[in-house]
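1. build me a model from this:
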Amino acid sequence: MRGAQAKVAPFAPRLHRMKNSTAWFLACRPITLSVSLSPVLVGTAIAWHDTGTLLWLPLLAAAFGAACIQIGTNLFNDVGDFLRGTDTPGRLGPKRATAEGWLTAAKVKAGAWLSFALAFLCGIYLVWHGGWPIVAIGLASLAAGWAYTGGPKPIAYGPLGELFVFIFFGLVAVGGSYYLQTLTLTTMTLLAAALVGIHAAAVITVNNYRDLDGDAKNGKNTLAVRLGRPAIKRLYTAQMLAPYALLPLLASLGWPAALPLLSLPLALKLIQRFHREAPGPVFNAILAATAGLQLAFAVLLSLAFTI
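-> Next comes the predicted model:
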């Protein structure tokens, strides 16, 4: 039955009129960009702490490249879900550019490839600066961004979405940003990367919890679909609290290691709200707030390394 569902023709675009610039802005999903830029900030802050220097051009190129990969991934997700027929009129998430008819599928796909091309151009400079490790990181990031919704078995349609985000928006992004500044990698950097990645994964957990019923009907086998709502509530709680529980591992920083605790009240409020609210559009706000928490935690963590 799932195989049949995967071949269902996409719903016809709903052809709602919107200014072209506004349509592209919404299609890029700017609210998600903090998830890709926060790791660059943290990795660079740790490098500054370790070396006392800051290389601005690698920082700016890494940030721009990360943003382009994020935008390209979002656009591929927009058009991919539409073409697979999973962006139904009853979906609870924000409106999608292709499904709403704001932009054609061909335009959205072209925009995604353009975003990846810009990231690739940044990568040429970063490879010149950082060498072959950056080749591996860059190509893996581009491939993963496409595979998230593209290919015969999209990552977003299986149970590994959270793990994918933890790896690429935590370990890879923080570690890669640190490496571009120092051409080395440290255990402390990977630890900080894990803290950032856990909160980034929580953003996907909210997304998949919100969409659980629709995803199950459309043959998506996300972690939320596999585990069910009670287990995902426990997972979200763990994702919210784990980075704070691991802060003592940064004790060598002294008192600044406690700075990220300033964001703990927001995390506790989000946990309470996640457990209290019934599944529905309200989780769009919870998703945005979770992304905001990840940014706040990352900024405070960066300050811990720079004070």
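2. can you give me the helices in the stretch 101-250 of the chain?
-> Under the criterion DSSP state H, counting those that start in this stretch, the stretch 101-250 of the chain carries helices at the ranges 105-130, 132-147, 161-166, 173-182, 187-210, 212-217, 223-227, 229-245.
3. and the shortest one, what's buried?
-> In this case it means helix 223-227. Buried residues in helix 223-227, counting neighbours by 16 or more other CB atoms under 10 Å, are found at 223, 224, 225, 227. Every C-beta, even on glycine, is put in place using the N, C-alpha and C of the backbone.
4. return the distance of that helix from the chain's centre.
-> 19 Å (CA atoms, centre = their mean, to the nearest Å).
5. for that helix, packing partners?
-> helix 187-210, helix 212-217, helix 229-245 (3 or more CB pairs under 8 Å, 6 or more residues apart in numbering; DSSP states H and E).
6. residues of the shortest one that come out buried?
-> Going back to what we said before, that points to helix 212-217. Those buried within helix 212-217 under the rule 16+ other CB under 10 Å are 212, 214, 215.
7. and these as TSV, adding pLDDT and distance to residue 98?
-> Below are those laid out as TSV (pLDDT from 0 to 100; distance: CB to CB, whole Å):
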residue	pLDDT	distance to residue 98
212	94	22
214	88	17
215	88	18
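8. just the closest of those residues to residue 184, please.
-> residue 215 (41.4 Å; CB to CB).
9. mind checking how far the closest one is from residue 117?
-> 31 Å (CB to CB, to the nearest Å).
10. once you drop chain neighbours, what's closest to the spatially most central residue of the chain?
-> The C-alpha lying nearest the average C-alpha coordinate of the chain belongs to residue 35 (CA atoms, centre = their mean; 4.9 Å). Among residues not flanking residue 35 along the chain, residue 200 sits closest, at 5.2 Å (CB to CB, 6 or more residues apart in numbering).
11. give me every residue that touches residue 157.
-> 149, 219, 220, 221, 222 (CB atoms under 8 Å, 6 or more residues apart in numbering).
12. on that earlier part again, name the nearest of the buried residues of helix 223-227 relative to residue 25.
-> Nearest member of the buried residues of helix 223-227 to residue 25, counting by CB to CB, is residue 224, at 28.3 Å.
13. what sits against the closest one?
-> Contact analysis of residue 224 by CB under 8 Å, 6+ apart lists 205, 208, 209, 211, 212, 215, 232.
14. where does the first one land on pLDDT?
-> In this case it means residue 205. Per-residue confidence (pLDDT) for residue 205: 97.
15. my guess is it contacts residue 239, does it?
-> Yes. Contact status for residue 205 versus residue 239: in contact at 6.2 Å, counting by CB atoms under 8 Å.
16. and stretch 39-55, what's its mean pLDDT?
-> If you average the pLDDT over stretch 39-55, you get 96.
17. mind listing what's buried in that stretch?
-> By 16+ other CB under 10 Å, the buried positions in stretch 39-55 come out as 39-50, 55.
18. again, but for stretch 129-143
-> Result for stretch 129-143 [16+ other CB under 10 Å]: buried residues 129, 130, 134, 137, 138, 141, 142.
19. try stretch 104-121
-> 105, 107, 108, 109, 111, 112, 115, 116, 118, 119.
20. in TSV, list those along with pLDDT and distance to residue 20.
-> Formatted as TSV, those follow (pLDDT from 0 to 100; distance: CB to CB, whole Å):
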residue	pLDDT	distance to residue 20
105	92	15
107	94	9
108	94	12
109	94	16
111	95	11
112	95	16
115	96	17
116	95	21
118	96	19
119	96	23
